[in-house]
Structure formats: C-alpha cells, structure tokens
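In: Sequence first, predicted coordinates after that:
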Amino acid sequence: MRKPVMIEIEDAPSPAEAAPIEDAPLGEERLEGRAMQIATRLGARRTSPIVRFFWRATVALVGFLISVALWRFIDGLFATHPILGWIGTGLVAAFALAALLIAAREIAAFSRLARLDKVHKEVSEALTTDDLSRARKVVTHVSGLYAARPEMDWARKRLAERSDEVLDTETLMGLAEAELMAPLDAAARLEIEAAARTVATVTAIVPLALADVFTALTANLRMIRRIAEIYGGRAGSLGSIRLARTVMTHLVATGAVAAGDDLIETVTGGHLVSKLSRRFGEGVINGALTARVGIAALEVCRPMPFRKLQKPRVTNLIGRSLTGVFGKKDD
C-alpha cells in the first residue's frame, strides 16, 4: 500500500492574506422587475387546446349534473309540498334570468371591443387611401363612439364646426385626433400613473412573498379595463381577460418586458433610492413596466393612431406617478 505523498509549495499565500470578498453595491445589482415580468408572462400565456377542451367538458358535465339535480329536487318538492315547488321554480327562473343578463352583458362588451377594432381599421384605411369623403365618414364614426358621453359634447361640437373648413384628409384626421383624443389621452395617462404608483409602492414596501406579483396582475388588469372604458370599449369580465392577453402577448413578443439597470437610469436618471435599496429599485422597475403595459393598452384601445398628438413616454409617466412616493421633483 502506497504512503501519502506531501508536496511542499514555497511562498504559498496564506488564507489570512486573501483579499476580502466585497458585496456588489446595491445600485449595481441587476434589477429586472421580477413581479411585472411574472405577471406579464402569466397574462400572455396561452392554454393548450387539450386544456381548453378539458375545462369546457368539465363545465358542461358539471352544468348537466347540476341541472339534473335541480330538476329532481324541484320535482320532489312538487310531489310533497307544491307551494315549495313553486317557490323553488321561481328561484331557479330568477337564477336563469340573471345568467342570461350576464351573458348578454358579456356579448355586448365583446361587440364594443369589435366596434373599436373596426373604427381603428377604418381610420388606418382612410389615412392610406387619402380619400376626403371617406375620411369624413370615418370621423363621423369616431365621433359617434362618444355620442352618449356628456363630457365629450363640447369636443364633438367643436369638431363638427371646424371639420367643414378642412379640405384634405391628413388635416381632417389630425383635427379629429386633437379634438376627440386629447381629453381621453389625459384620462388614460392618469390611469396609467395610478397603476404604476400602486405597483411600485407595494413592491417597495410590502415584504410578503408574491404580494407584488398579485398586485401587479390586479393593478394591470384594472388599468387595461379602465383604459378600454375611456376610449369607448367598455369590457366585461371575459372581454377584459381577452384584451389583457392581447396586450401582454404583444409586450412579450416585442421584448418590451425585458428590463435592466439601464431602465432605472432612463426612468429616474439614476434615482437615489435605486442605489440605497434594491427593493425600492425593483419598485421603480415594476412601476416603469406597468407604464409600458399601459402605453401598449392605450395603443390597442385608442380608435385613432398617434399622428398629431405625441404618444406618452415611460419616463414622463413614471416621473409623475412616483413623485412624492420615492422623492420630490426639483424646483
């Protein structure tokens, strides 16, 4: 059996002489907006056809079983207590009526979203063809979206008075955008800023696991729904989910949810909180990504593309939304 061999190394450094390991400064750690990236990918994820088939079959089976159970229950009540049978029949009828009303509301919501998509395509085609008569019809359709909203009466009246003086398509469409879209854009910006503020604050302050992801999901869904309502596409529950999936899919496909340290520099100009606290830096990143989602939702729901008016920028939105939360504006 061989004996162990010991090799001596001259001038070997001592462990005590090794340089200490220094932690990277907080401001230099990579911040990715984890909560918003998870929320966005959850919203954009599509279920497989097999899973959809499973859930549809499950809903059909459960509905059938409930219907049979109700039928037997009501039939038994009529056999033993006719008065209770009539009461049960009335309650079932009320439930069926409520279900029909909810279904009708969801169908109406989908039709409103489809109308927005149709008007948006008409605007794009009118700008492409440069047909003045067609453009006037399209402007009438856009104005008609807000005929039932009293706060838009002044803008619609002003557009109607000035549109007859315009003799080219580009100017007419620009006038319609300036008169009709400007107040709606302002309201949509407020919704985006509020959502960004909520997501950033919860991320920075609440230490509970997954609380930031839950807040990001709910705040973004509510923001997308409110933006759709502002532009005339009020969505129901199913319509909101479909609209949110469309927005999230677009963001994931274009890589707009990828964020890094450069985003903080762009958004906050190297804000002090991003260097003092990693969690505050994550809050700023999540707020900025929420603003990106809001801008994408604005582009999807807006019946007219941005041409005359300037599209909102993340830096401006996040700067206004986080004022007073992580710092103050310079005087």
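Out: All right, it came through fine.

In: Only C-alpha atoms from now on, for both contacts and neighbour counts.
Out: OK.

In: and the strand or helix carrying Phe54, what other elements does it pack with?
Out: In the assignment (DSSP states H and E), Phe54 maps to helix 49-80. Where contact means 3 or more Cα pairs under 8 Å, 6 or more residues apart in numbering; DSSP states H and E, helix 49-80 is packed against helix 82-129.

In: got the angle between the helix it packs on and helix 49-80?
Out: For helix 82-129 against helix 49-80, the angle by axes from the mean of the first three to the mean of the last three Cα atoms, to 10 degrees is 150 degrees.

In: Which strands or helices does the next helix or strand after helix 82-129 pack on?
Out: Next along the chain after helix 82-129, taking DSSP H and E as the criterion, comes helix 132-144. Identification of packing neighbours for helix 132-144 by 3+ Cα pairs under 8 Å, 6+ apart yields helix 82-129, helix 169-176.

In: need those in a markdown table with distance to Ala244 and mean pLDDT, can you?
Out: Shown next, in a markdown table, are those (distance: least, Cα to Cα, whole Å; pLDDT from 0 to 100):
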| stretch | distance to Ala244 | mean pLDDT |
| --- | --- | --- |
| helix 82-129 | 12 | 85 |
| helix 169-176 | 27 | 86 |
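
In: out of the ones you listed, which comes closest to Ala228?
Out: helix 82-129 (8.2 Å; Cα to Cα).

In: Report the distance from the helix holding Phe54 to the chain centre.
Out: 35 Å (Cα atoms, centre = their mean, to the nearest Å).

In: Now the nearest residue to Leu172 once chain neighbours are set aside: which helix or strand?
Out: In space, and not counting its chain neighbours, Leu172 is closest to Val166: 5.9 Å by Cα to Cα, 6 or more residues apart in numbering. Assigned by DSSP H and E, Val166 falls within no helix or strand.

In: Surely Val166 and Gly174 touch.
Out: No. Between Val166 and Gly174 there is no contact under Cα atoms under 8 Å: 10.4 Å.

In: how close does the nearest residue to Leu116 once chain neighbours are set aside sit to His120?
Out: Nearest residue to Leu116 in three dimensions, chain neighbours excluded: Pro303, at 5.9 Å (Cα to Cα, 6+ apart). Separation of Pro303 from His120 (Cα to Cα, to the nearest Å) stands at 5 Å.

In: ok, the two, which is more surrounded?
Out: Pro303 (25 against 20; other Cα atoms under 10 Å).

In: where does the residue nearest to Leu116 land in three-state SS?
Out: coil (DSSP: H, G, I helix; E, B strand; the rest coil).

In: Next, it: phi, psi?
Out: Backbone torsions of Pro303, given as degrees, to the nearest 10, read phi -70, psi -20.

In: Give the other helices and strands that the helix or strand containing Lys157 contacts.
Out: Counting by DSSP H and E, the element that carries Lys157 is helix 153-163. Of the remaining helices and strands, those touching helix 153-163 by 3+ Cα pairs under 8 Å, 6+ apart are helix 169-176.
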